[in-house]
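Q: Sequence below, structure please.
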Amino acid sequence: MQADRSRSPSFGGVIAAVVGLALFVYFLRRAGVSDVVDGIQRLGMAFVVVVALGGLRFVIRSAAWMRCLDGPHRLTLSEVFQAVIVGDALGNLTGPLGVIVGEPAKGIFLRHREPLRRMLPALAVESLFYTLSAVFVIAGGLVAVFLLFQTSGQLWITTAAAVAAMVALVGSVHWVIWNHKPVGSSTLRWLGRMGVAPHAMEQVEAKVVRIEDHIHALYPRDRARLVPVALLEFSFHALAILEIYLILSVISDQSPTFLHAFVFESTNRFISFAFRFVPLRIGVDEAGTGMFADLLAFGTATGVTLAIIRKGRILVWIAVGVVVLVRRGLSLKQILGGAPSGSAGAVIVIMARSPVAGDPPKTRLARAVEDADDHRRLYGAFLRDTVAACRELEGIELRLAYTPDGGTGGFEDVDVADDELIPQRGGDLATREASVFTDLFAAGFSKVVMVGSDLPTFPVDYLRTAIDLVDSEAVVLGPAEDGGYYLMALGTDTADAAVPDLFSDVRWSTSAALDDTTVAAERAGLRVELLPPWYDVDDEVGLARLREELSDDRGRARAPSTAQALDDIKSRASPTSPYAS
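A: Alright, predicted model coming up:
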């Protein structure tokens with residue numbers, strides 16, 4: 001309930017909207033309603049070109065965001081484009097909350113394809129590049145104004161100082177990131193030491209440290225990545241200048257130049273930053289653009305018409321964004337809250353242990369992967385790809401059940417949030433599996449699909465099939481090729497129903513585990529549904545098969561983190577290691 005209230009329009013937001021509307025009416029009347037209508041009519045079908053240019057600008061920012069993702073990923077330009085227009089639509093519709101809502105919504109829209117903890121820092125880096133390019137446009141616009149009016153030397157000094165300050169501000173932010181300076185977390189730590197809410201500062205600092213680490217890691221540091229991102233961002237503004245030049249050429253009796261268009265775009269960028277709290281910048285755009293148009297001898301009516309046409313383009317893309325949102329089956333409430341759509345009664349739970357604490361997981365892999373740190377990194381990559389695959393199922397919740405001895409360390413790096421973690425309770429595997437089913441049924445889930453953490457290339461379709469097959473009278477098992485099972489799914493009609501005893505008298509970690517579980521299911525009166533067999537990566541044989549599966553581009557796309565980890569380990573393996581072959 002608190003989250004819902006926080007998204008309600010604030011008093012300040014309402015005042016901003018009312019003042020903006022008053023400004024809009026005033027400048028519309030000042031420009032002359034008939035003149036503005038005439039200008040819009042003169043544009044005619046050229047408005048389609050304006051809308052297309054707006055779409056191309058979204059494509060450019062989508063490409064820039066993808067460039068900020070380091071390493072292989074599952075995103076396509078089309079998917080990212082849809083996420084960008086959805087985020088932009090929500091940002092415009094929520095007014096003062098635009099940045100808080102619109103930017104995260106882009107990542108939430110794609111969370112079934114890539115981890116949020118990977119996408120959002122990359123989006124933050126792209127936003128930094130966009131901010132830098134916008135500052136240069138604003139600063140360049142100030143210079144262009146003085147060039148157009150040939151002002152005095154004193155004003156040139158003032159302008160130069162303003163330009164230098166803006167460039168220095170944004171440049172310093174990039175310098176901080178380039179040099180891995182933890183400014184945010186250090187500031188919070190200092191405030192805590194000074195006695196400013198020390199407990200709260202400590203909690204926030206831990207989250208800020210993770211964000212800083214992600215941004216520092218993702219920041220493009222080589223020319224092959226940095227230059228394309230910068231060029232894409234400046235291309236975004238170049239298309240905006242072209243759009244303004246096109247509109248002015250059609251609606252104005254005065255012949256525009258690209259310098260004029262550049263000044264208008266600079267003004268628009270400044271208004272966008274300074275008045276972001278005004279919903280759709282209603283009235284502010286018309287006032288600012290109208291005054292500048294009058295200053296540049298185009299007339300107030302031309303400026304107001306230009307602003308209204310550009311706002312019309314925004315409204316078209318807002319409508320497209322809402323349509324995309326609806327077609328994905330997501331509501332505004334769901335995407336703002338990050339909640340999944342569809343059946344809330346099903347959950348996938350991954351049985352795992354911390355990749356950074358306790359003994360290295362998967363001890364039987366030690367003969368093939370000698371170094372303990374490499375061992376942990378490989379297991380972390382397994383988890384990351386398994387989590388990403390599970391998130392491809394829309395409308396299905398995800399949980400990760402961790403072992404008490406390893407704790408919860410390291411799971412944030414595989415895109416598992418704190419509220420998605422549950423403990424495994426019990427001293428042996430049988431008790432721990434039974435307790436996980438019990439806890440998730442008690443939490444209100446009617447279908448629970450349990451999988452292991454060593455399935456980086458596991459077919460997602462098997463998960464869908466398990467969810468479709470399971471009910472209160474069936475158990476779904478995924479036979480592992482070593483005689484165990486890689487998946488178990490159970491269903492229930494009531495939250496307090498007892499979990500059937502499928503875990504007693506099972507010869508765990510042997511080739512008889514699946515057969516014993518099947519016997520237990522029949523003893524409990526459950527129907528047994530079997531999925532296609534798959535393999536666990538828990539020894540040298542499984543690892544060799546995994547390496548073969550990831551030897552081509554198609555395989556690597558299914559488990560990009562695991563493929564990269566295996567490449568890194570192989571490059572460091574000793575000549576005598578079985579992994580070096």
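
Q: Which parts of the protein belong to which domain?
A: Split into domains by automatic domain parsing, the chain comes to 14-335, 346-580.

Q: can you redo the ones you listed as JSON lines with mean neighbour count?
A: Where you see a C-beta, it was placed from the backbone N, CA and C, and this is true even at glycine. Formatted as JSON lines, the domains of the chain follow (neighbours: other Cβ atoms under 10 Å):
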{"stretch": "domain 14-335", "mean neighbour count": "18"}
{"stretch": "domain 346-580", "mean neighbour count": "18"}
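
Q: possible to save those domains as CSV with mean pLDDT?
A: CSV is the format used below for those (pLDDT from 0 to 100):
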stretch, mean pLDDT
domain 14-335, 79
domain 346-580, 83
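
Q: contacting residues for the most centrally placed residue in the chain?
A: Centroid check for the chain by Cα atoms, centre = their mean gives Gly107 as the closest residue, at 2.3 Å. For Gly107, the contact set (Cβ atoms under 8 Å, 6 or more residues apart in numbering) comprises Ala83, Leu116, Met119, Leu120, Leu123.

Q: Just confirm Met450 is within a strand.
A: Yes: judged by DSSP: H, G, I helix; E, B strand; the rest coil, Met450 forms part of a strand.

Q: who's it bridged to?
A: Going by DSSP bridges, Met450 is paired in beta bridges with Val349, Met488.

Q: now it: how far from Ala466?
A: Met450 is 10 Å from Ala466, where distance means Cβ to Cβ, to the nearest Å.

Q: Can you pull the residues that touch both of the two?
A: Leu487, Ala489.

Q: where along this structure do the strands fall?
A: Applying DSSP state E to the chain gives strands spanning 346-352, 397-402, 421-423, 447-451, 474-479, 485-491, 527-530.

Q: closest to Phe270 out of those strands?
A: Judged by Cβ to Cβ, the one of those that comes nearest to Phe270 is strand 397-402, at 42.8 Å.

Q: gap between the closest one and the chain center?
A: 20 Å (Cα atoms, centre = their mean, to the nearest Å).

Q: Which strands or helices does that strand pack on?
A: strand 346-352, helix 372-390, strand 421-423, helix 429-442 (3 or more Cβ pairs under 8 Å, 6 or more residues apart in numbering; DSSP states H and E).

Q: To Ser266, which of those lies closest?
A: So among the helices and strands packed on strand 397-402, helix 372-390 is nearest, using Cβ to Cβ, at 41.3 Å.

Q: how far off strand 397-402 does the closest one point, in degrees?
A: Computed with axes from the mean of the first three to the mean of the last three Cα atoms, to 10 degrees, the direction of helix 372-390 lies at 160 degrees from that of strand 397-402.

Q: for helix 372-390, packing partners?
A: By 3+ Cβ pairs under 8 Å, 6+ apart, helix 372-390 packs against strand 346-352, strand 397-402, helix 460-469, helix 560-572.

Q: what sits up against the first one?
A: Translated: strand 346-352. So strand 346-352 is contacted by 383, 386-387, 390, 393, 395-403, 411, 422, 424, 432-433, 436, 440, 445-453, 463, 467 (Cβ under 8 Å, 6+ apart).

Q: make it 7 Å
A: 383, 386-387, 390, 396-402, 436, 440, 445, 447-453, 463, 467 (Cβ atoms under 7 Å, 6 or more residues apart in numbering).

Q: Repeat that for the shortest one.
A: Residues external to strand 397-402 that are found in contact with it (Cβ under 7 Å, 6+ apart): 340, 344, 347-354, 387, 390-391, 408, 411, 416, 420-424, 436, 440.

Q: List the neighbouring strands of it plus their orientation.
A: Applying DSSP bridges, one finds strand 397-402 paired with strand 346-352 (parallel), strand 421-423 (parallel).

Q: now that strand against strand 447-451, angle please.
A: Going by the same axes, to 10 degrees, strand 397-402 makes 50 degrees with strand 447-451.

Q: Can I get strand 397-402 as CSV, trimmed to CA atoms?
A: Output of strand 397-402 as CSV, limited to C-alpha atoms (Å, rounded to 0.1, in the frame of the first residue of the first chain):
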residue,chain,number,x,y,z
GLU,A,397,8.0,-16.3,-9.8
LEU,A,398,11.6,-17.3,-9.0
ARG,A,399,13.2,-18.3,-5.7
LEU,A,400,16.6,-19.5,-4.8
ALA,A,401,17.0,-21.8,-1.8
TYR,A,402,20.4,-21.4,-0.3
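
Q: and the helices and strands packed on helix 372-390 as JSON lines, adding distance to Leu295?
A: Below are the helices and strands packed on helix 372-390 laid out as JSON lines (distance: least, Cβ to Cβ, whole Å):
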{"stretch": "strand 346-352", "distance to Leu295": "60"}
{"stretch": "strand 397-402", "distance to Leu295": "56"}
{"stretch": "helix 460-469", "distance to Leu295": "58"}
{"stretch": "helix 560-572", "distance to Leu295": "53"}
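
Q: thinking again about what came up before, nearest to Leu550, out of the helices and strands packed on strand 397-402?
A: Using Cβ to Cβ, the helices and strands packed on strand 397-402 put helix 372-390 closest to Leu550, at 10.2 Å.

Q: how far is the longest helix that the chain contains from where the chain is centred?
A: If you go by DSSP state H, the chain has its longest helix at helix 116-149. Taking Cα atoms, centre = their mean, one finds helix 116-149 lying 21 Å from the centre of the chain it belongs to.

Q: want to throw the strands paired with strand 397-402 into TSV with distance to Leu315?
A: Conversion of these to TSV gives the following (distance: least, Cβ to Cβ, whole Å):
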stretch	distance to Leu315
strand 346-352	38
strand 421-423	42
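
Q: can you tell which of these is closest to Val145?
A: Among the strands paired with strand 397-402, strand 421-423 comes nearest to Val145, with 55.2 Å by Cβ to Cβ.

Q: still on that earlier bit, quick one, which of the helices and strands packed on strand 397-402 is nearest to Val326?
A: strand 346-352 (22.5 Å).

Q: Put the alpha carbons of that closest one into PDB.
A: The C-alpha trace of strand 346-352 is given here as PDB (Å, rounded to 0.1, in the frame of the first residue of the first chain):
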ATOM      1  CA  ALA A 346       3.700 -21.100  -9.900                       C
ATOM      2  CA  VAL A 347       7.200 -20.700  -8.800                       C
ATOM      3  CA  ILE A 348      10.600 -22.100  -9.900                       C
ATOM      4  CA  VAL A 349      13.000 -22.700  -7.000                       C
ATOM      5  CA  ILE A 350      16.700 -23.300  -7.700                       C
ATOM      6  CA  MET A 351      18.600 -25.300  -5.000                       C
ATOM      7  CA  ALA A 352      22.000 -23.700  -4.700                       C
END
